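Undergrad: Let's see this in three dimensions:
(2 chains)
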Amino acid sequence: MTDYFWLIPFIPALSTLILVLFGQKLPKKYVSFQACFAVFASFAISVISFIGLLQTSHEHLPIIKNLFSWIHAGSFQADLALQLDPLSSIMTLVVTGVGFLIHVYSVGYMADDEGYTRYFTYLNLFTFAMLILVMGSNLVVMFVGWEGVGLCSYLLIGFWFDKHSAANAGKKAFIVNRIGDAAFLLGIFFIFTHIGSGEFSVINAAIGGGAITQGLATLIAILLFVGATGKSAQIPLYIWLPDAMEGPTPVSALIHAATMVTAGVYMVARMNVLFTFSGSANSLVAIIGAVTAVFAATMALTQNDIKRVLAYSTISQIGYMFIGCGVGAYAAGMFHLFTHAFFKSLLFLAAGSVIHALSGELNMQKMGGLRKYLPLTYPTFLIGAIAIAGIPFLSGFFSKDAILTSAYANGQYLVWALGIFCAVLTAFYMFRLIFLTFFGNERLEPEAKKHLHESPPAMTIPLVLLAFFSIVAGYVGLPVVVGKDLNFFGRFLEPVIHQAHEVHLSLGTEWMLILISIAVAVTGIFIAWVFYIKNPKIPKNIVARFPGLYKLLYNKYYVDEIYNTLFVNSTIKGSEIVYDHFDLKVIDGVVNGSAKTTNFFGKVLSYFQTGYIKDYALIFLLGVILLLGYLLF
Amino acid sequence: MIPLNYFLVLSIILFALGAIAFFVKRDLITQFMAIEIMFNAANLAFLAFAKSAGSLDGQIIVFFVITVAAAEAAVGLAIILLIFRQKKTIKSEDIKLMKG
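TA: So this is what the prediction gives:
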């Protein structure tokens, strides 16, 4: 049943090709059908392969399909090879499953857009690149996908490129990712030079066999992780993600919440042997993850743009995933990636539905009381918010709890405390969003109110399905307090995750940790309720009492401004200096100088060319006489 | 039997006449004729050597030279004709397109 798994990425690729070549001539209805069907077909093969994988014994993993030998130079070899193992199988299911729902949603959301065909071409191309990323069996193929999703992200953020801010946001995302990619590439080169292969299985075996020292492993792991901070929007390279919200909302849901931004987490989980071997790199991952989680959550507290709140929330949640990976609980990190894909894309799509209903309004201060106008969007949004806040029995609770428990079990109490603090903030800002949007007074613009309507079925059906998965997705990874060996997710990933040692807590401690995380989630929601429903004056009073803190948060810690001064402006200034003094003088001097020298010698030599036939004949004659003289004497 | 040197001296005289004519004369037709004289001076030398050495090789080369000279005459005259049509002159001093 796994024979045809290598077709998964190529169906969207074929669809992209058709849309690129004939898209402009095809009718809109056919375009939507083909784009959605391609992803659905991939999803169907993913499901079949997944079932096949469940029946395959561990010794036969991973299943590798070598399509052709791609680069073969000296002792270095890289094949275009795809692999199917539990990790890539989960990722293909998420990418194609959530991707399909978002494709369907897009049919409704983008219905009136001029660039309809272009949009679906990009979206299919993205699906292809993402699948290559997660299915590549070596670092080279993975890097192709890694760059491919970066390109699609750029294209889709700048989809409405006639809007200045969107074009700039696309550029920013691309450049910031470039910085991370440079480090990522360096890490790959180190692996090539010291291990001699990019194949994951070879790398894992080599590290197990002691091919590299721990110091080198740390260096490589940190370089790879810098790449991950770019792609997955962590400190210090997170700044592009909030701006990426300039793209269409389904794109934010697919690329900037569910799939692409989690590529860094996938990469760390894929290279788990390296990270575990290094040890100190792992601690760095955990600390960066924890700090990012809290840092981004505080920024989400004061934002008024509904999509930006969700963007900061995404950064914060990916921080959680990195905490999981960093404390050695890769399965828990991947589990949070899995559940997050559902509830975060649900939140984004529901926010898109709100924006659609209000004819493009993004400011939450101009919403309010939408509960009764959006009978389907409201409950689905609420389910997403409860799931992310970590209320029991929904998916987010199980995965977040798995991560925090692992952090505690591994003795990383600071990381655990930051995670708990972040959980309060998460619950608070999510319910602030809910209360501002759906409760309270209506603060709508009169123009927007006239067109207020619930979204078409193409948009609401994906919402309902995603809400369903946001509830049930957590039940594949139940915590140990419910019963032993109920963590199917963790057991499924075992062949890929080579855990060094597992720490077991007593059942009592586990219960205590669970109760603490429930308590903080409820506290967060309660504070939000007091602030925005019971006594809406409190937020204003707090702002009045701490104007400095509020300004700091509202302006996102001025990080953009600091980066602008430190890096962007200094680069521009430096470039100008180099242009004036080096380009204009040295380079232009050398180029023009060589032309002038050639010209000069040409002039001198041209005096020998008189053009008179007799002069040539004379020289000819003299030459013959000289030659004869030489031969005779 | 006339000795070989006689032929060679005549050949040198003919060649020198041709060369001097080429450098002294100004119109292309005369210069062209001077070239033909130099050709035939060379032919004469070939024939003289062939006769004295008793071999046919030199005579065969002369046939080739005559044939090539005929072709060269046709091409050369055509070129001169075209130059005249373009420049309305066949004075070699007036033609210096290749001046650097």
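Undergrad: Kindly list the longest helix within chain A.
TA: Determined from DSSP state H, the single longest helix within chain A is helix A:164-195.
Undergrad: ok, now chain B?
TA: For chain B, the helix reaching the highest residue count under DSSP H is reported as helix B:57-87.
Undergrad: For it, give the mean pLDDT please.
TA: Confidence over helix B:57-87 (mean pLDDT, whole number) is 92.
Undergrad: so how far is that helix off the chain centroid?
TA: 9 Å (Cα atoms, centre = their mean, to the nearest Å).
Undergrad: what's the burial count for residue 61?
TA: All of this refers to chain A. A:L61: 16 surrounding residues under other Cβ atoms under 10 Å in any protein chain shown. Backbone N, C-alpha and C define where each C-beta goes, glycine included.
Undergrad: please go with chain B instead
TA: 16.
Undergrad: Pull the contacting residues for it.
TA: Contacts for B:I61 (Cβ atoms under 8 Å, 6 or more residues apart in numbering or on different chains) come out as B:F46.
Undergrad: From B:F39, how far off is it?
TA: According to Cβ to Cβ, to the nearest Å, B:I61 and B:F39 sit 12 Å apart.
Undergrad: do the same with B:S52
TA: For B:S52, the distance to B:F39 equals 21 Å [Cβ to Cβ].
Undergrad: Between the two, which is the more surrounded one?
TA: B:F39 (19 against 15).
Undergrad: Against A:L155, how distant is A:V31?
TA: Taking Cβ to Cβ, one finds A:V31 at 17 Å from A:L155.
Undergrad: How about A:Y475?
TA: Here A:Y475 is placed at a distance of 37 Å from A:L155 (Cβ to Cβ).
Undergrad: just A:K231 next, same as before
TA: 16 Å.
Undergrad: who has more neighbours, A:Y475 and A:L155?
TA: Taking other Cβ under 10 Å, A:Y475 and A:L155 do not tie; A:L155 has more neighbours (21 against 15).
Undergrad: Confirm that one sits in a helix?
TA: Yes: A:L155 forms part of a helix when assessed by DSSP: H, G, I helix; E, B strand; the rest coil.
Undergrad: hang on, isn't it packed against A:G170?
TA: Yes: with contact defined as Cβ atoms under 8 Å, A:L155 counts as touching A:G170 (7.4 Å).
Undergrad: circling back: list the buried ones in the longest helix of chain B?
TA: Using 16 or more other Cβ atoms under 10 Å in any protein chain shown as the test for burial, helix B:57-87 gives B:G58, B:I61, B:V62, B:V65, B:A69, B:G76, B:I80, B:I83.
Undergrad: For the fourth one, give me its contacts.
TA: Okay, so that is B:V65. Shown in contact with B:V65 (Cβ under 8 Å, 6+ apart): B:F39, B:A42, B:N43, B:F46.
Undergrad: tell me what the longest helix of chain A is packed against?
TA: Applying 3 or more Cβ pairs under 8 Å, 6 or more residues apart in numbering or on different chains; DSSP states H and E, one finds that helix A:164-195 contacts helix A:139-157, helix A:200-208, helix A:214-231, helix A:240-243.
Undergrad: can you rerun that using 10 Å?
TA: Under the contact criterion of 3 or more Cβ pairs under 10 Å, 6 or more residues apart in numbering or on different chains; DSSP states H and E, helix A:164-195 touches strand A:76-84, helix A:139-157, helix A:200-208, helix A:214-231, helix A:240-243, helix A:263-270, helix A:272-278.
Undergrad: Export these as JSON lines, with columns for mean pLDDT and distance to A:M110.
TA: Shown next, in JSON lines, are the helices and strands packed on helix A:164-195 (pLDDT from 0 to 100; distance: least, Cβ to Cβ, whole Å):
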{"stretch": "strand A:76-84", "mean pLDDT": "89", "distance to A:M110": "31"}
{"stretch": "helix A:139-157", "mean pLDDT": "94", "distance to A:M110": "11"}
{"stretch": "helix A:200-208", "mean pLDDT": "89", "distance to A:M110": "37"}
{"stretch": "helix A:214-231", "mean pLDDT": "94", "distance to A:M110": "25"}
{"stretch": "helix A:240-243", "mean pLDDT": "92", "distance to A:M110": "21"}
{"stretch": "helix A:263-270", "mean pLDDT": "94", "distance to A:M110": "24"}
{"stretch": "helix A:272-278", "mean pLDDT": "91", "distance to A:M110": "38"}
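Undergrad: Point out the most buried one among those.
TA: Compared across these, helix A:263-270 shows the largest average neighbour count, a mean of 26 (mean count of other Cβ atoms under 10 Å in any protein chain shown).
Undergrad: angle of that helix against helix A:200-208?
TA: Per axes from the mean of the first three to the mean of the last three Cα atoms, to 10 degrees, the angle that helix A:263-270 makes with helix A:200-208 is 60 degrees.
Undergrad: What is the distance between helix A:263-270 and the centre of its chain?
TA: 10 Å.
Undergrad: now do stretch A:110-124
TA: The answer for stretch A:110-124 is 21 Å, by Cα atoms, centre = their mean.
Undergrad: Would it be right to say that A:V481 lies in a helix?
TA: No: with three-state DSSP as the criterion, A:V481 is assigned coil and is not in a helix.
Undergrad: need the contact list for the spatially closest residue to it that is not a sequence neighbour.
TA: Once flanking residues are discounted, A:V481 sits nearest to A:E510: 4.9 Å by Cβ to Cβ, 6 or more residues apart in numbering or on different chains. For A:E510, the contact set (Cβ atoms under 10 Å, 6 or more residues apart in numbering or on different chains) comprises A:D401, A:T405, A:Y408, A:A409, A:P479, A:V480, A:V481, A:V482, A:H504.
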